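Q: Dropping a prediction and its sequence here:
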Amino acid sequence: MRAPSENLSPCISTEPRALLSTVLSSQNNTRKEYTKMTVKECAKLLGEAVAASEEVKGYLAAKEAYDTSKALQSMLSEYSAQRMLLGQERMKPIGEQESEVIAKLEARVETLYEDITHSEEYLALNAAQQAVNLLMQDVNSEINFYAFGERPCTHDCSTCHADCSSRG
């Protein structure tokens with residue numbers, strides 16, 4: 001598989017925000033070149049630029065670390081097994097449930113949950129996912145602006161240029 005940025009014109013930055021401006025900006029002379037492209041062709045270029053972004057690269061590296069951590073995968077497997085056992089114990093008729101077993105299983109599930117969600121790999125993956133989400137929100141916001149001429153509501157009326165009914 002070729003690197004995503006290989007398909008991009010050398011005059012176009014692989015930075016998603018810069019590419020979006022290049023593709024969509026009405027003040028850019030290269031816009032005429034892109035008006036001949038279909039929306040899907042532009043989306044492909046944008047997708048390739050997003051794939052080449054530091055946010056996506058960071059996410060993929062964090063996901064690889066998460067997926068290959070033997071300690072974390074062991075905890076995840078045990079967590080799943082303990083939850084299944086806890087569910088089975090709770091499904092027993094009331095008189096057959098063993099409260100001591102349930103308490104031990106609940107405690108172990110809680111400990112595993114805390115260990116998993118505080119692990120370096122989990123935290124890194126979560127942070128990387130948030131960075132990708134913010135990038136995608138920025139990209140989507142720009143697409144919506146150029147397509148519909150409106151910026152999304154920030155819920156901060158001082159930034160609004162529309163006639164917001166929510167303003168006091």
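A: Here it is on my side, so go on. The shown structure was predicted, so the numbers you read here are calculated from the model rather than taken from an experiment. Residues are numbered from 1 along each chain as shown.
Q: ok, which stretches of this structure are helices?
A: Using DSSP state H, the helices of the chain run over residues 16-24, 31-35, 39-51, 54-68, 70-91, 99-117, 120-148.
Q: just so I know, which of these lies nearest T154?
A: The closest of these to T154 is helix 120-148. By CB to CB, the value is 10.0 Å. (Glycine included, C-beta is placed from N, CA and C.)
Q: With respect to burial, which of the helices of the chain scores highest?
A: Highest mean neighbour count among the helices of the chain (mean count of other CB atoms under 10 Å): helix 16-24, with a mean of 19.
Q: Show me how the record splits the chain into domains.
A: The chain breaks down by automatic domain parsing into domains covering 4-53+136-150, 70-118.
Q: Let me have those domains in CSV, adding distance to C157 as columns.
A: Conversion of those to CSV gives the following (distance: least, CB to CB, whole Å):
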stretch, distance to C157
domain 4-53+136-150, 15
domain 70-118, 37
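Q: circling back to that earlier point, now the helices of the chain as TSV including mean pLDDT and distance to S158?
A: Shown next, in TSV, are the helices of the chain (pLDDT from 0 to 100; distance: least, CB to CB, whole Å):
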stretch	mean pLDDT	distance to S158
helix 16-24	55	24
helix 31-35	55	31
helix 39-51	91	31
helix 54-68	98	28
helix 70-91	98	44
helix 99-117	98	37
helix 120-148	94	18
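Q: right, and these - which one's nearest D156?
A: helix 120-148 (14.5 Å).
Q: any idea of the angle that closest one forms with helix 39-51?
A: Orientation check (axes from the mean of the first three to the mean of the last three CA atoms, to 10 degrees): helix 120-148 against helix 39-51 gives 150 degrees.
Q: Now do helix 120-148 against helix 99-117, angle only.
A: 60 degrees.
Q: Output the contacting helices and strands for helix 120-148.
A: Packing partners of helix 120-148 (3 or more CB pairs under 8 Å, 6 or more residues apart in numbering; DSSP states H and E): helix 16-24, helix 39-51, helix 54-68.
Q: Now render those as a markdown table, adding distance to K104.
A: Output for these, formatted as a markdown table (distance: least, CB to CB, whole Å):
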| stretch | distance to K104 |
| --- | --- |
| helix 16-24 | 49 |
| helix 39-51 | 46 |
| helix 54-68 | 28 |
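Q: That concludes my questions; thank you for your assistance.
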